[in-house]
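Participant: My questions concern the predicted model and sequence given below.
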Amino acid sequence: MDDLLSEFLTETAESLATLDVELVNLEQNPNDRDILSNIFRLVHTIKGTCGFLGLPRLEALAHSGENVLGKFRDGELEVNADAVTLILASIDRIKEILNHLEATESEPEGHDRDLIDMLNAMAEGRPVSMAAFTHAPDAPVEEAPAAEVDDAPSFPVAAELLAEVEAALAQGKRAASDRELEAEMAAERAKETGPAAAPVPAAVPVPVAAPVHAAADDDDEPPVAGRKAAVPAKTGAAPAPAGGEGGAKDSAIASQTIRVNVDLLENLMTLVSELVLTRNQLLQMVRGRDDSEFAAPLQRLSHITTDLQEGVMKTRMQPIGNAWAKLPRIVRDLSIETGKKIDLQMYGAETELDRQVLELIKDPLTHMVRNSADHGLEDPETRKASGKAETGVIKLNAFHEGGHIIIEISDDGRGLNINRIRDKALANGLATETDLDSMNDQQVAQFIFKAGFSTAEKITSVSGRGVGMDVVRTNIEKIGGTVELKTYTGRGTTFTIKIPLTLAIVSALIVECAVERFAIPQISVLELVRVTANSETKIEKINRAPVLRLRDRLLPLVSLGNLLKLRHDDIQEIAANLADENNELSETFIVVTQVGTYTFGIIVDRVFDTEEIVVKPVAPILRHINMFSGNTILGDGSVIMILDPNGIATATGEVTMGSTASQEAAATHAAMRTDDQTSLLIFRAGTPELKAVPLALVARLEEIELDKVEYSFGKPVVQYRGQLMPLVTVTDMHTMRNEGRQPILVFSDRDRSMGLVVDEIVDIVEDRLKVELKAEMPGIIGTAIIGDKATDVIDTGYYLTAAFGDWFGAHQALPDNSRATSGRAVLLIDDSPFFRNLLTPLLSVSGYDVTAVESAERALGMLDGGLRFDCIVSDIEMPGMDGFEFAEAVRGDDRFNTIPLIALSSHATERDFERGRQVGFDDYVAKFDRDSLLTTLGHIIGSTAG
Amino acid sequence: MKSCLIVDDSKVIRMVAKKILQELSFSTLEAEDGQGALDACKKELPDAVLLDWNMPVMNGIEFLRALRDLPGGDRPVVVFCTTENDIAHIQEAIEAGANEYIMKPFDSEILQAKFSQVGLLDD
């Protein structure tokens, strides 16, 4: 392509990109003179340059556009949405023409009468019907034949000039100027094409146009061929390399920048990657040999390689703003289409990243911003109604963080509709109801990254094009990045994308397991923990699953050896080894890894160092194993696998996208509910692990003389306050001491007591009862962090029934109660897992069929779903819908208004009773009063049963 | 060899002008806005300046005024070349100290004619 033309295309494309942005700015600040004059200047320059190149169609269009802009600038016309739309339309048309120009080196046929007429009308202040404006209807961009100059009567000179050039060519007059030209070219580009340059394409309008100016010289005759021909010929030679960047950053002296083919840079990068590998190899060889004469030069080589790598990487760097340039225009068009007011804020546009990465995230970013604008933000009325500013904000923020680029896309809209995602996930079979029940909102939200997911009710032209967030996620993961999502109902959604600076070379942690080495990409490693006998952090076992207690968090662990079937690690053994204080050598390492919102620990034997590794794709034979993301060659020449934390998370059954109900899910879910401080008694029994029980449930702490223990039907009892008190151990394995004294916890109710045998009372602490991990063992509710230690919370109800099968039902007034109540379905609603776990067994033992749920909303859902209950027992204080509202809802529905309702609350004042009765509760029971609950239940159900 | 500073924000136009001027045996310097041009002039004053009007950072007319305020800044011959071809603009340019005014697009002929008029060409 003609050098001048290619330069023109590049320059104009840049101007147009700026124009898009500036016009949107202008619409928002119609009175900003700086923006206006910048726009005017850009259009003006396009027009001016067209004149030189002989592009009449472009020139005419740009001229009309400039006219209108001139009126804006002079204050004769007002800037409004219609005007901006028209100008944008003109710019779109210019782009079309430019595309054609790029493809065929000539302007397309046709004219822009439609736009020009409208522009002129606008410039003259006549009303312009925007309804008539449709997108380029009568100016199809067609393949233009070579002779397009013929239909440009206003520009006859071009044809003449063309003839002239051809004549000059025929006379061989371009030889001299060609050489000149090549000298010029050499300075301007890296690649040189052969000296026998391609012949001037016949169709090109000759660049330096003949005069069409007012001050034309005396004659209309074309100038002497010989003299003129030199000019155009000079410019029509070797094809310019492709690539659109660089032009804008020309310094004052244009020759300070050169344009380089992208392939060349890619190639250079590959070579540098190989060099890095070789350097690593050499370093490895010299390592450990202090006296090596190679040490010094190698050090230098190493430095230079690093510098070179950085340098080459810099050549590939582009500001992320390039990927954002289109967004203001998109958002602007969207806001007009949807009638929303949107403020797009962009921060950190100058943050640079690899152009390859940039290309790959461009589309996902655009898609996400579209989503935010289309789904995330509400229309102005809705926003106003919910007390927000009418204008919704979409914020883009990019910054560097430890070798990675973080891009945040956030909106202050309505947040994701969790319920709809839940329904959709269910409908699409992505998860079962039980799975979903145990997930918290954030985990449910992750489903939008699953294939085939779109919650938009209305498919607008904007979204719902079949490109979903799954594609976004796949694209981002393809480049070794991660995407996280946080959403808050009514407050908006934030996506956080974390991507490596470059793809070819990544920083990775080298670890060892079972004498094999592996690389873990640094991006997913949060921290390393070394565990020994004396370290503060220890591996603990909960439910036979290993966990690491790390600063108030229980971290699930996986053993790499087990996972890859390299060997069989017995966690118990590892823990025991570590606990052995004499074995000082014993240590293990835990790589704390984060995938999405899920954090877990990988147990490895050793940790080496961080190395820059060159990622090579996984061999096809291993490709089906998703625990590997690639392989690499280490400095010592050995080939090792790169672990894929994502795959490992999936393999452990813990999928970040929450497709399985996980322990953690259940735990965090439960944990969200109880925030109150509770007095807890900490003790040990049977095993070294700490156990806890709410102090309120314990009547007394006693120590009994073991020789006082007697046996009744083979079970231990003691005489206690004139009665026989059964003694229960925590597990069957746990036995009492043989002599001396044994501490027990006495649980007492009315005139009956039970003793739970413990080894040691450790402490009484005031802490939040926050069950982190749910247990599947009888007698344990789950594990919580209490006083900074992982502690099992025991299920008192379980032991009570172990002692007296009829504990809860023993003093029922109705002797036939159990028969009357047996199989009666009771729905228990309580947001506290503790009470659900306490009351469920209590009611079960009394013969009820108990369903426990954690919220009134879910209870209503179950009722709606057709489940029937003989009685509903509901807590009053709950997040979301409280008990009173729930009762009103139930009573307000003909289907359910006969179901007996019992309120359960810790606030049992007269006033509460009264309010409870008003909203439709049949009775009101204080929370800790088990007896009256059972009496009431028995009474109500007994009466309804007739 | 006389020197000419080409001031235009469009690289295309700079390239065209450079070709023409080199044929007329000028050594050329380029600047993409008025500020760049002014910096270049402060280093060394050229014999001639081919000046665009509309540019970012500092436009042609501002540059021209600043140039004329420099010591010896009245010496360079300044030829305005722009599409702003109404009388008001021309007048403003002349008042600011422009020696000649030509319209875009220009070619070698015009440039040569104008340059001879202001005495930049020997023949």
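Facilitator: That came through, no problem.
Participant: how distant is the longest helix seen in chain B from the center of its chain?
Facilitator: Ranked by number of residues, the top helix in chain B under DSSP state H is helix B:11-23. Helix B:11-23 sits 12 Å away from the centroid of its parent chain (Cα atoms, centre = their mean, to the nearest Å).
Participant: Report the mean confidence score over that helix.
Facilitator: Helix B:11-23 shows a mean pLDDT of 85.
Participant: So which bits of chain B are right by chain A?
Facilitator: Residues of chain B lying close to chain A (Cβ under 8 Å from any Cβ of the partner chain) are B:9-16, B:19-20, B:23, B:29-32, B:36-37, B:39-40, B:52, B:54-56, B:82-83, B:85, B:102-110, B:113. (Glycine included, C-beta is placed from N, CA and C.)
Participant: So for the residue of the stretch 51-200 of chain A found nearest chain B, what's the pLDDT?
Facilitator: Residue nearest to chain B within the stretch 51-200 of chain A (Cβ to the nearest Cβ): residue A:51, separated by 3.6 Å. Note on residue A:51: pLDDT of 75.
Participant: repeat for residue A:821
Facilitator: On the pLDDT scale, residue A:821 gets 47.
Participant: middle-most residue in chain A, spatially?
Facilitator: Nearest to the mean C-alpha position of chain A, counting by Cα atoms, centre = their mean, stands residue A:484 at 2.1 Å.
Participant: Look up phi and psi at residue 107.
Facilitator: In the absence of a named chain, chain A is used. Main-chain torsions, residue A:107, degrees, to the nearest 10: phi -70, psi 150.
Participant: please go with chain B instead
Facilitator: According to degrees, to the nearest 10, residue B:107 has phi -140, psi -180.
Participant: Show me which of the residues of chain B next to chain A are buried.
Facilitator: Using 16 or more other Cβ atoms under 10 Å in any protein chain shown as the burial test, those include B:9-16, B:19-20, B:23, B:29-32, B:36-37, B:40, B:52, B:54-55, B:82-83, B:102-110 as buried.
Participant: Would you mind naming the residues that bridge with the residue nearest the centre of chain B?
Facilitator: In chain B, the centroid-proximal residue (Cα atoms, centre = their mean) is residue B:50; its distance is 1.8 Å. When bridges are called by DSSP bridges, residue B:50 pairs up with residue B:6, residue B:79.
Participant: quick one, strands of chain B?
Facilitator: Ranges of strands within chain B are B:2-7, B:26-31, B:48-51, B:77-82, B:100-103, based on DSSP state E.
Participant: got the CA positions of the longest helix of chain B in CSV?
Facilitator: Only the C-alpha atoms of helix B:11-23 are listed here, as CSV (Å, rounded to 0.1, in the frame of the first residue of the first chain):
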residue,chain,number,x,y,z
LYS,B,11,2.0,13.4,9.8
VAL,B,12,0.6,12.9,6.4
ILE,B,13,0.8,16.6,5.7
ARG,B,14,4.3,16.8,7.2
MET,B,15,5.4,14.1,4.9
VAL,B,16,4.0,15.8,1.8
ALA,B,17,5.5,19.1,2.7
LYS,B,18,8.8,17.5,3.5
LYS,B,19,9.0,16.0,0.0
ILE,B,20,8.2,19.2,-1.7
LEU,B,21,10.6,21.3,0.4
GLN,B,22,13.4,18.8,0.0
GLU,B,23,13.0,19.1,-3.8
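Participant: helices or strands next to it in the packing?
Facilitator: helix A:3-28, helix A:33-53, helix A:225-235, strand B:2-7, strand B:26-31, helix B:108-117 (3 or more Cβ pairs under 8 Å, 6 or more residues apart in numbering or on different chains; DSSP states H and E).
Participant: Just put the ones you listed in CSV and tack on distance to residue A:318.
Facilitator: Formatted as CSV, the helices and strands packed on helix B:11-23 follow (distance: least, Cβ to Cβ, whole Å):
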stretch, distance to residue A:318
helix A:3-28, 13
helix A:33-53, 21
helix A:225-235, 29
strand B:2-7, 28
strand B:26-31, 25
helix B:108-117, 38
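Participant: which stretch in these is the model least sure about?
Facilitator: Sorting the helices and strands packed on helix B:11-23 by mean pLDDT places helix A:225-235 lowest, at a mean of 38.
Participant: ok, then the element right after that helix?
Facilitator: Scanning forward in sequence from helix A:225-235 by DSSP states H and E, the next helix or strand is helix A:262-286.
Participant: for the record, mean pLDDT for that following helix?
Facilitator: Here the average pLDDT along helix A:262-286 is 82.
Participant: next one: stretch A:700-718
Facilitator: Stretch A:700-718 comes out at a mean pLDDT of 79.
Participant: now swap in stretch A:331-351 and tell me
Facilitator: 86.
Participant: Buried residues in that stretch, which are they?
Facilitator: By 16+ other Cβ under 10 Å, the buried positions in stretch A:331-351 come out as A:331-332, A:334-335, A:338, A:340, A:342, A:344, A:346, A:348, A:351.
Participant: Now the phi/psi pair for the nearest residue to residue A:525 once chain neighbours are set aside, please.
Facilitator: What sits nearest to residue A:525 in space, not counting adjacent residues and going by Cβ to Cβ, 6 or more residues apart in numbering or on different chains, is residue A:509, at 5.4 Å. Main-chain torsions, residue A:509, degrees, to the nearest 10: phi -90, psi 130.
Participant: so where does residue A:716 fall, helix or strand?
Facilitator: Going by DSSP H and E, residue A:716 is part of strand A:715-720.
Participant: in stretch A:264-281, what counts as buried?
Facilitator: A:265, A:268-269, A:272-273, A:275-277, A:279-280.
Participant: quick one, the one helix or strand residue A:57 maps to and helix A:3-28 angle?
Facilitator: For residue A:57, the host element (DSSP H and E) is helix A:56-73. Here helix A:56-73 points in a direction 30 degrees away from that of helix A:3-28 (axes from the mean of the first three to the mean of the last three Cα atoms, to 10 degrees).
Participant: and the helix or strand just after helix A:56-73, what does it pack onto?
Facilitator: Going down the chain from helix A:56-73, the next helix or strand is helix A:81-104, by DSSP H and E. The contact analysis (3+ Cβ pairs under 8 Å, 6+ apart) places helix A:81-104 against helix A:3-28, helix A:56-73, helix A:113-123, helix A:327-338.
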